[in-house]
Each structure stands twice: as structure tokens, then as C-alpha cells.
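Engineer: quick one: sequence and predicted model below, then my questions.
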Number of protein chains: 2
Amino acid sequence: MAAAIADPVRREILVMLRDQRLPAGEIADRFVISRPAVSRHLRVLRESGLVRDTLVGRQRFYELDASRFADLIEWLDQFARATSWERRLDALETEVYRTRRERRRRDTAEQRQEKTA
Amino acid sequence: MAAAIADPVRREILVMLRDQRLPAGEIADRFVISRPAVSRHLRVLRESGLVRDTLVGRQRFYELDASRFADLIEWLDQFARATSWERRLDALETEVYRTRRERRRRDTAEQRQEKTA
DNA sequence: CGAATGCGTAACACGGTGGTTACGCTTTCC
DNA sequence: GGAAAGCGTAACCACCGTGTTACGCATTCG
């Protein structure tokens, strides 16, 4: 989902849809790039959940899904509220640093792989 | 800046730094990928402004910059608060971008479909 | 019914991104 | 001073994402 807002074209589409729903053709008309290119951007947004589509006749209307943005904001909020490092005992962190490195060099790689997989 | 959080490795780095600063080596040790690869991810994060670095001896400590996340959240907030399209006169809103002929066709199609739906 | 419209998909080209190894520059330790 | 440690950069390569054109399918219009 975070990757969906990485592209400037998709971000512009989101702005277009901020306070109105629009059919695919009209969105594409506002860009210099070809209509199929926009169509695929719309698919990415659709699959990310940030927008939802509704078929109306032979048109496909796109609209925002505000709840998905709320999810993104919630995720980002943990970093905006991050405690500054000065308030932490990183002196202790540094002290244990060398020891932890030694331990990790032995056993971390495979564990890390399994966790994320 | 939005592109910086598009990569899963970079997102994991941000989580690592959420409540403690860390030297580059320790960050790299927690990944299966090579240290130079992590080093470049750190550079992307640095240039995006999401993290700041401090040289301490021969180590380079990384820490979050909460204010940049606040900027991101602020940008996303306009979409989370987006009014639903039903409450808007989007026909009027989009008048400028459409010829009268195109608009007439869209609206009639929409009416027919939604009556039966 | 046949033509036009709206929009998505397929196939392809290409530049950017992310991986690797090799290397160099500081800083620290003995 | 010389070796080791910490970390970034360079060069290279594979792949993915985004652009294009050609095409197909459904819906609407005359």
C-alpha cells in the first residue's frame, strides 16, 4: 500500500479524486501519458485499496477509500511520535554493542530470514 | 519522500529506529542482504529527510526525524478527511474539464444504471 | 444489427531500483 | 606506525515498474 503513493502520477490521481469521483477516461485526459498507462496506475491504486471503482454503464468511476488512508496514517504515527534518542540509555546500548554483534554473526541470518518469510 | 517508505527493507529500518538510534553496522547485521545494500537504503532515507545521521568516531548513528513524518501525515490527512462524493456537486465541479457532449452522455448513462441498481 | 465509445489487457522496450563484489577512506587499537 | 574496524562508494548485473502501441470485450447509439 505504501508503494502505491510512491509514484507521482498516482499521487496526482489521488488529488483529483480528493473531493469528487471521476470516470477513468476523464482522469486519463488530464495526463500527457497514454490512457493504458493511466489505466494501470488505476489498477495499482485499486489493488492497494486506496481507491474503489464502480461500473456505471460502460464507464468505470473511481473514488477514494478514506479508511485506507487512515490505516497509513496510523502506521506513520508511531514514527511521528517517536521518542528522541537523547531520552534513552543508549550509553548502555553502546556498551553491549560489541557483544551483541558477536552473537548475531553466528545465528542471526537464518532466523531473520524465517521471521520475515 | 513518499518513495522512501515504498521499500520493505527501508520500512523495517524505520521500525528499528523507532525508539532508539543505531549505528549503520548494527542495522546491516539484522538483514540478510549485504552491508553495502543496506548502506544505500540508509542513504535514500537520509536524502528523504526521514532519518538523520551523526558521526561518532568511526561509527555513523542513525535516528528518525519525526517532523518529516508529520509532513507526510499532513499530506495524507486530506484524503482521510475527504468528503464522500455523494455530498458534492461533482457535475458542477468537473464542468470545465469536459465538453458538453461528453458530459451529457456520461450523466444519462449514470442515471439509467443507478435507477435499476 | 453494425458502428462508436469506454476501458482494460497483452506484448514489448527501456530506464530505474536494488542486489552483489571490490575497493578506499577514516578512526581506533596495540 | 601498522593492522583492524566501521562505513560509504563504484562498477556491474538482474529484474521490476512504467511507458508505448495493438487489440479485445462490453455497452450504447443510430
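Structural biologist: Looks like it came in fine.
Engineer: so which helix or strand takes in the closest residue to DNA strand C within chain A?
Structural biologist: Closest approach between chain A and DNA strand C, counting by Cβ to the nearest atom of the strand: residue A:25, at 2.0 Å. For glycine as for every other residue, the C-beta is placed from the backbone atoms N, C-alpha and C. According to DSSP states H and E, residue A:25 maps onto helix A:24-29.
Engineer: ok, residue A:55 next?
Structural biologist: Judged by DSSP H and E, residue A:55 forms part of strand A:51-56.
Engineer: can I get that strand in CSV? Just the C-alpha atoms.
Structural biologist: Extracted in CSV, the C-alpha atoms of strand A:51-56 (Å, rounded to 0.1, in the frame of the first residue of the first chain):
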residue,chain,number,x,y,z
VAL,A,51,-9.5,3.7,-4.3
ARG,A,52,-12.6,1.8,-5.2
ASP,A,53,-14.3,1.5,-8.5
THR,A,54,-17.9,1.3,-9.6
LEU,A,55,-19.0,0.3,-13.1
VAL,A,56,-21.7,2.6,-14.5
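Engineer: which residues of chain A fall in strands?
Structural biologist: A:22-23, A:51-56, A:59-64 (DSSP state E).
Engineer: pick the most deeply packed of these.
Structural biologist: The highest average neighbour count among the strands of chain A, using mean count of other Cβ atoms under 10 Å in any protein chain shown, belongs to strand A:22-23 at a mean of 23.
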